[in-house]
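Asker: return atomic coordinates for the entry below.
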Amino acid sequence: MNKKLKTYVTNKGLKLYRNLAYGNLHGYAATVTELSGTLQIVFNTSFSDEQNAQTVQSMVSEHINSKEYKLQNAIFSNQSITLYFICSTTSHITKIDAFLTWLCPLLDRYSARPISICPECNGEITDGHWKLIDDIAYYMHRDCGTILERDLVSAHQAHLENDTGNYLTGLIGSLLGAILGGVVWGLVLMLGRVASVVGLLIGWLSYKGYNLFNGKQNKGKIVIMALSVIFGVLFGNFFSDAITLLKEGLTLAELPEAFAFLFTLDEYKSPTIYNIVLGLIFAAVGSYSMLRTAGKEVSGSKIVDLD
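Answerer: Numbering: from 1, shown residues only. Model (predicted):
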């Protein structure tokens, strides 16, 4: 978190923990995280009345992509409101603060659950405890936090014990997904372009392929996905060149010999290695979020006592 944001959140009374801030923000439990050019603010709150929730969501949605507050997106769930803001300059912080000044009284008016009410038992909190669960801060009774942590650990353990997946089928699905993404990467290269979004596509297809083919939900999933993404990039590069060679009249059977010859030529080898390295970098950047998602799925919730 940059210096200006740290100053802003600490002035708001929030506490810092690693790359995020948490605490009481205008009467609501909040978590503030700086992403790449984006500020994520999560309010751990809910509405007892569904109509109130829909009304607030509708009013907030009117400000998405407006220049007034720099709000990019707003996601409402049963337990939280997640807000994404453009945040690349000091002036953006001022606009974000103005939005929060507008939003929080609106939450009060429509009876959103304040920080003083436990999200687990809905009882009033007199001696609260902060718990970080998957990078979101929760303020609750200490006993409720203990029970919640126990339930999350038990649920994850039961999930692992009931997992009927298979690493082999998962590998097949992950590779097929990565190959499909690699084809897109190859087509992009044929157009003389490179794009990190293709790296995201390869990672997403690898992830979907693994799950679709009932891959085992354990730590090996991350290794398989990572290897599949690398394979997808390599496949994409050679797919692009193979299409070019086939257009020039070579047959599929002649491709291995043709590639063996091309790799003896520096004018082919150097740009090919460059494209592969560039592709792996883009794939690493683009697929990071999917690998992180997969990591959370197989490792269970990350729980930290903040105080």
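
Asker: give me the three-state assignment for residue 272.
Answerer: Per DSSP: H, G, I helix; E, B strand; the rest coil, the local secondary structure of residue 272 is helix.

Asker: check contacts around it.
Answerer: Residues counted as contacts of residue 272 (C-beta atoms under 8 Å, 6 or more residues apart in numbering) are 237, 241, 262, 263. (Glycine included, C-beta is placed from N, CA and C.)

Asker: what about those, which one has the most neighbours?
Answerer: Among the contacts of residue 272, residue 237 has the most neighbours (other C-beta atoms under 10 Å), with 21 neighbours.

Asker: what segments of the stretch 1-150 of the chain are strands?
Answerer: For the stretch 1-150 of the chain, the strands defined by DSSP state E, counting those that start in this stretch cover 15-17, 20-25, 28-34, 38-43, 71-76, 81-86, 128-133, 136-141.

Asker: also the stretch 201-307 of the chain?
Answerer: So, for the stretch 201-307 of the chain - with DSSP E, counting those that start in this stretch - the strands run 303-305.

Asker: for it, which spans come out with low pLDDT?
Answerer: Scanning the stretch 201-307 of the chain for pLDDT under 70 picks out nothing.

Asker: just to revisit the earlier point, dump the contacts of residue 272 into TSV; add distance to residue 293 as well.
Answerer: Listed next are the contacts of residue 272 as TSV, based on distance: C-beta to C-beta, whole Å:
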residue	distance to residue 293
237	26
241	32
262	38
263	36
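
Asker: please flag which of those sit within helices.
Answerer: 237, 241, 262 (DSSP state H).

Asker: measure residue 197 to residue 274 for me?
Answerer: Distance of residue 197 to residue 274, given as C-beta to C-beta, to the nearest Å: 20 Å.

Asker: please disregard the earlier target; I meant residue 181.
Answerer: 20 Å.

Asker: which one's more surrounded, the two?
Answerer: Using other C-beta under 10 Å, the more surrounded residue of residue 181 and residue 274 is residue 181, with 29 against 10.

Asker: show the pLDDT at that one.
Answerer: In this prediction, residue 181 carries a pLDDT score of 88.

Asker: so it is in which element?
Answerer: helix 167-190 (DSSP states H and E).
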